[in-house]
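>>> My questions concern the predicted model and sequence given below.
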Amino acid sequence: MSTATGRPPLPAPAPAPAPAPAPARAPSTGPPAAAGLRATARIHARADGRGGTALPVLTGRPPLAPRRTRGTAGAADVVLVGAMSGPLGGDHLTVEAEAGPGARLTVRSAAATLALPGRTGLPARYDVHLRVADGARLRWQPEPLISVRGSDLRVTTRAELAPGASLLLREEQVLGRTGEPPGLLRSRLTVLRGGRPLLDSELGCGPGAPGGWDGPAGLAGHRAFGQLLVVDPAFEADPPPARMLGELAALTPLAGPAVLVTALAPDALRLRELLDVAAREFAPEAGPGP
């Protein structure tokens, strides 16, 4: 059939092709979203060439805020100020402290650390990395760590020392606040001197810890425990002998120029008194602490 002009009708347009199916989305292979807070504080001490100690690196993010304070002659003193509560379950906090050749560094904390339960059900982690060069001295003297009911904290402290380094390391740990049961606390301390193991100890306490932690061979019902490690090249020539320091504290010489004092106590106050006595004998220049 023709139109009035005698031209044949135009052909109908071809149908549009069907859209190609979208490619299937590959499953994600990346790590899961981080649960909890991640924070690192870094403290690097260097001899300034004038008899003092400089801090070319002093950084952190909440809840770890390192601040330099007035120190003794030739030394740098740093206080870790808690900018918020923590660690909570799922948090991962790290402190890195390094003393270069000839440096003198003391690190303390402004208040006790409370291990608190979180909403994720995951454990919290607190890692401490210490490095001390030949001729350097580092003192790690934080306030007590308190394991609150329902918390789950894993603490790892690792110190790497040159053969001529000096270290004073003090730990005070308290199971629960007054009148409450503790959370789960797992703590490990590893010390290397000249690349060789000097000390490697681990302790687990609270619900979920290996059986016997609160028995006669463990804490025997006490709720505060601590240790004082002193590494001093002067002990090479005159190492202190092993002995008891009262009923609940003991001195153990290590296979190197070092001594370890371990102590139990019914509470944080008595524990501090026991460790203060040991510090006055083996590191009198450190003073009471933390």
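It's in.
>>> Number of residues surrounding residue 211?
Using other Cβ atoms under 10 Å, residue 211 has 7 neighbouring residues. Every residue, glycine included, has its C-beta placed from N, CA and C.
>>> Quick check: which ranges of the stretch 1-150 of the chain have low pLDDT?
Scanning the stretch 1-150 of the chain with the threshold set as pLDDT under 70 gives 1-35, 83-84.
>>> where along it do the helices fall?
Under the criterion DSSP state H, counting those that start in this stretch, the stretch 1-150 of the chain contains no helices.
>>> Quick check: residue 267 touching residue 248?
No - assessed by Cβ atoms under 8 Å, residue 267 is found out of contact with residue 248, at 12.0 Å.
>>> Looking at those two, which is more packed in?
With neighbours defined as other Cβ under 10 Å, residue 267 and residue 248 compare such that residue 248 has more, 18 against 12.
>>> residue contacts, the closest residue to that one other than its chain neighbours?
In space, and not counting its chain neighbours, residue 248 is closest to residue 264: 4.6 Å by Cβ to Cβ, 6 or more residues apart in numbering. Contact analysis of residue 264 by Cβ atoms under 8 Å, 6 or more residues apart in numbering lists 219-220, 222, 224-225, 248-249, 271.
>>> Residue 264 bridge partners, please.
residue 225 (DSSP bridges).
>>> Against residue 247, how distant is it?
9 Å (Cβ to Cβ, to the nearest Å).
>>> quick one, phi psi at residue 248?
Per-residue torsions, residue 248: phi -120, psi 20 (degrees, to the nearest 10).
>>> okay but it is in contact with residue 219, surely?
No - applying Cβ under 8 Å as the test, residue 248 and residue 219 come out as separate, 10.4 Å apart.
>>> Can you get me a residue count around residue 42?
Neighbourhood size, residue 42 [other Cβ under 10 Å]: 16.
>>> Am I right that it is in contact with residue 60?
Yes - Residue 42 lies in contact with residue 60 (Cβ under 8 Å); the separation is 7.1 Å.
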